[in-house]
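Engineer: Below are the sequence and a predicted model for it; my questions follow.
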Amino acid sequence: MLAVLVAMLLAGIRALPVRAFQFLVAAIVEYHRNVPVLVQILIWYFAVPQVLPDALRIWVNRQNSEFLFSMIALALNTGAFMSEDLRSGLRAVPSGQFDAARSVGLSVVGALRYVMLPQAIRIAVPAMINQTVFLFKNTSLAMAVAVGELTYRLHELENATYRTFEIFMFGTVIYLVFSFSLMGLGAWFSRRYPSAYRV
């Protein structure tokens, strides 16, 4: 959900007719596209706390910072990719709808919020679900900073039982079940709202 909010914010800002905003969002997207996700997690976990004020750093360290920074890194990464999907969705909505929204008194932000983005989201849902599957799989990278996610727990079980094959086969099944469930959700949406894909 955080990634979707980031995506909507980035796509909305990039759609504004302000070159500086467009350049800033493009730079954010390119950073997240070209730097490995693991490196992004490590930057958030090891580097970002060093530039925080002492009081804030101490508070963050008391709040399970491993999970917090991993969540932020993964949400920003996925949100950047989703924002490009939303941008494509915005381009698929006829520009006349934006002009019509402006003609009835909506501001640029209001036209984006109430007219353009809701339609763009419907068009972009299949691609966004695909990004959600990638996000689910990328959560395994959070074990690099000791977040107790699925792969981390499987590794703990394997160390305790020495049953490597059975433990990791079980983990594989869990990943497959969740991934296929997400893809099934995308297929259901495609059947339920077929008009959303007519670009």
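Structural biologist: Okay, I see it. Computed from a predicted structure; not experimentally measured. Residues are numbered from 1 along each chain as shown.

Engineer: low-confidence ranges in this protein?
Structural biologist: Applying pLDDT under 70 to the chain picks out residues 193-199.

Engineer: Of all residues in it, which one is nearest the centre?
Structural biologist: Centroid-nearest residue in the chain: residue 78, 2.6 Å away (criterion: CA atoms, centre = their mean).

Engineer: quick one: the helices in this protein?
Structural biologist: With helices called from DSSP state H, the chain shows them at 2-15, 19-34, 37-42, 54-61, 65-92, 95-103, 108-111, 117-138, 150-161, 164-192.

Engineer: Please identify which of those is closest to residue 144.
Structural biologist: helix 37-42 (6.0 Å; CB to CB). (Each C-beta comes from the backbone N, C-alpha and C, glycine too.)

Engineer: Show me how far the closest one is from its chain's centre.
Structural biologist: Offset of helix 37-42 from its chain centre (CA atoms, centre = their mean, to the nearest Å): 14 Å.

Engineer: cool, stretch 110-125 as well?
Structural biologist: Counting by CA atoms, centre = their mean, stretch 110-125 comes out at 17 Å from the chain centroid.

Engineer: hmm, who's touching it?
Structural biologist: 8, 11-12, 15-16, 82, 85-86, 88-90, 92-93, 97-98, 100-102, 106, 128, 186, 189, 193, 196-197, 199 (CB atoms under 8 Å, 6 or more residues apart in numbering).

Engineer: and with 7 Å instead?
Structural biologist: Contact with stretch 110-125 is made by 8, 12, 15, 85-86, 88-90, 92-93, 97-98, 101-102, 106, 189, 193, 196-197, 199, as judged by CB atoms under 7 Å, 6 or more residues apart in numbering.

Engineer: from those, which would you call buried?
Structural biologist: The neighbour count (16 or more other CB atoms under 10 Å) marks 8, 12, 15, 85-86, 89-90, 92-93, 98, 101, 106, 189, 196 as buried among the contacts of stretch 110-125.

Engineer: quick one on the thing from earlier: next, format the helices of the chain as TSV and append distance to residue 48.
Structural biologist: Formatted as TSV, those follow (distance: least, CB to CB, whole Å):
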stretch	distance to residue 48
helix 2-15	16
helix 19-34	14
helix 37-42	10
helix 54-61	9
helix 65-92	7
helix 95-103	37
helix 108-111	30
helix 117-138	19
helix 150-161	21
helix 164-192	29
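
Engineer: follow-up on the earlier one: among the buried ones among the contacts of stretch 110-125, list the two that are farthest apart in space.
Structural biologist: 106 and 189, at 27.7 Å, using CB to CB across the buried ones among the contacts of stretch 110-125.

Engineer: quick one on the thing from earlier: would you list the buried ones among the contacts of stretch 110-125 in CSV and tack on distance to residue 149?
Structural biologist: What follows is the buried ones among the contacts of stretch 110-125, written out as CSV (distance: CB to CB, whole Å):
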residue, distance to residue 149
8, 26
12, 31
15, 34
85, 25
86, 27
89, 30
90, 33
92, 35
93, 37
98, 41
101, 42
106, 43
189, 27
196, 32
